[in-house]
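Visitor: Quick one, structure for this:
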Amino acid sequence: MPRFVYDTFYPDGWEARQKADVATLLDSEPQNIWLARHGEETFGFIGIRIHAEDRMGEIYILAVAPAHQGAGIGTRLMHFAEDRMRTSGMRMIMVETIGDSGHEPARRAYEAFGFEPWPVARYFKEI
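Guide: Numbers count the residues shown, from 1 in each chain. Below you'll find the model as predicted:
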């Protein structure tokens, strides 16, 4: 990703942007975010969006704590979200990620879950 793109999307860093995205989802659609917890410990969370006009559900945000990655928590969260979307009348689910090496584990997980990549060309130019 060109530096100007990163700096524009994440002027305060990706962590700040992710926190803001979660806060926005909690404020606007609290019914669409769920936690994976055991006792008092949170292992991960998932947030979805419903796009009724397209009959499409979107996994908007999915995160699993690093110490618990690889234990199937993300998969269980995706199954939960899929069930919610299905009962909401959605016909398909979309999830989006970046094609960099840091997101390779996420892409493998999505493909193992049955998602098929859709090639998209997105171009950026600094002005």
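
Visitor: For E82, grab the count of nearby residues.
Guide: Neighbour count for E82, taken as other CB atoms under 10 Å: 17. In short, each C-beta sits where N, CA and C put it, glycine included.

Visitor: likewise V22?
Guide: Here the number of neighbours of V22 (other CB under 10 Å) works out to 16.

Visitor: Now for it: which residues touch it?
Guide: Residues counted as contacts of V22 (CB atoms under 8 Å, 6 or more residues apart in numbering) are I33, F45, G47, I61.

Visitor: give me the element the last one is part of.
Guide: Following DSSP states H and E, the helix or strand that holds I61 is strand 56-64.

Visitor: Just want the most central residue of the chain.
Guide: I61 (2.7 Å; CA atoms, centre = their mean).

Visitor: can you pull up the bridge partners for that residue?
Guide: The partner list for I61 in beta bridges (DSSP bridges) reads G47.
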